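Enquirer: have a look at this prediction, sequence included:
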Amino acid sequence: SQKIEQNSEALNIQEGKTATLTCNYTNYSPAYLQWYRQDPGRGPVFLLLIRENEKEKRKERLKVTFDTTLKQSLFHITASQPADSATYLCALDGGSYIPTFGRGTSLIVHP
Amino acid sequence: DAGVIQSPRHEVTEMGQEVTLRCKPISGHNSLFWYRQTMMRGLELLIYFNNNVPIDDSGMPEDRFSAKMPNASFSTLKIQPSEPRDSAVYFCASSFDVYEQYFGPGTRLTVT
């Protein structure tokens, strides 16, 4: 069955460092992959989308890579700040506009 | 734009009662999604509407759950009768023929 894996353990890093979050998937051929941010008590907020034929995408301090051979996406936040602390969800879609979400990884940036 | 609006924000009800959750999508969006989020199962898609028509309801848990979208600006998710295991945060999201979805603030449902 299709499976999306994100690290369930929180990632703790120091302010100013680069945070790297991982999204692995199996039994899936996504046309694209998205990353969302979710703060406590709020709905997810869209951050970035990367298509299967794109290797990398950037937006300000954010960078996403997509390796369809490894079946993995990496999400990087450079020069991290305490305000970046949140849960980050990856979502995969085969092209039907119906994404499947991972469980998310909590990021904690310490000042 | 006010974004996706959901009501109520919190709902506490007793087992066996009917619960109705409401959603107003972003004006102009033609797709609407209902999700349920729990610690155990994460974010699960319940039902997806496109142009007010249900396209995929395979995530609806059982007959106790029903959803309607009578027009482009309103949708409801109804649970009858409610059970304690229905306790979760229910999100509504909308989009316009693009992949990114805009989520509402959610309704936290507690069934005692």
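Expert: Here it is on my side, so go on. Everything numeric in this text was worked out from a predicted model, so none of it was measured.
Enquirer: list the contacts of residue 10.
Expert: With no chain named, the answer covers chain A. Residue A:10 sits next to A:105, A:106, A:107, A:108 when contact means Cβ atoms under 8 Å, 6 or more residues apart in numbering or on different chains. Every residue, glycine included, has its C-beta placed from N, CA and C.
Enquirer: that was the other one, I meant chain B.
Expert: B:107, B:108, B:110.
Enquirer: one more time with 10 Å, if that's ok
Expert: B:89, B:106, B:107, B:108, B:109, B:110 (Cβ atoms under 10 Å, 6 or more residues apart in numbering or on different chains).
Enquirer: ok, and what's touching the helix or strand harbouring the fourth one?
Expert: In other words, residue B:108. Using DSSP states H and E, the element containing residue B:108 is strand B:107-111. Strand B:107-111 is contacted by residues A:41, B:6-17, B:19, B:21-23, B:36-37, B:77, B:79, B:81-92 when judged by Cβ under 10 Å, 6+ apart.
Enquirer: quick revisit: could you dump the contacts of residue A:10 to CSV with pLDDT and neighbour count?
Expert: Compiled in CSV, the contacts of residue A:10 are given as follows (pLDDT from 0 to 100; neighbours: other Cβ atoms under 10 Å in any protein chain shown):
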residue, pLDDT, neighbour count
A:105, 96, 21
A:106, 97, 18
A:107, 98, 21
A:108, 98, 14
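Enquirer: save these as TSV, and put in secondary structure and distance to residue B:57 too.
Expert: Below are those laid out as TSV (DSSP: H, G, I helix; E, B strand; the rest coil; distance: Cβ to Cβ, whole Å):
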residue	secondary structure	distance to residue B:57
A:105	strand	29
A:106	strand	31
A:107	strand	34
A:108	strand	37
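Enquirer: just want the residue of chain A that's nearest chain B.
Expert: residue A:43 (3.0 Å; Cβ to the nearest Cβ).
Enquirer: hmm, residue B:23 and that residue touching each other?
Expert: No - assessed by Cβ atoms under 10 Å, residue A:43 is found out of contact with residue B:23, at 11.3 Å.
Enquirer: common neighbours of the two, please.
Expert: B:4, B:6, B:91, B:92, B:93, B:104.
Enquirer: so which of those residues is the most crowded?
Expert: residue B:92 (29 neighbours; other Cβ atoms under 10 Å in any protein chain shown).
Enquirer: now that one. Nearest residue, chain neighbours left out?
Expert: Leaving aside its sequence neighbours, residue B:92 sits nearest to residue B:23 (Cβ to Cβ, 6 or more residues apart in numbering or on different chains; 3.4 Å).
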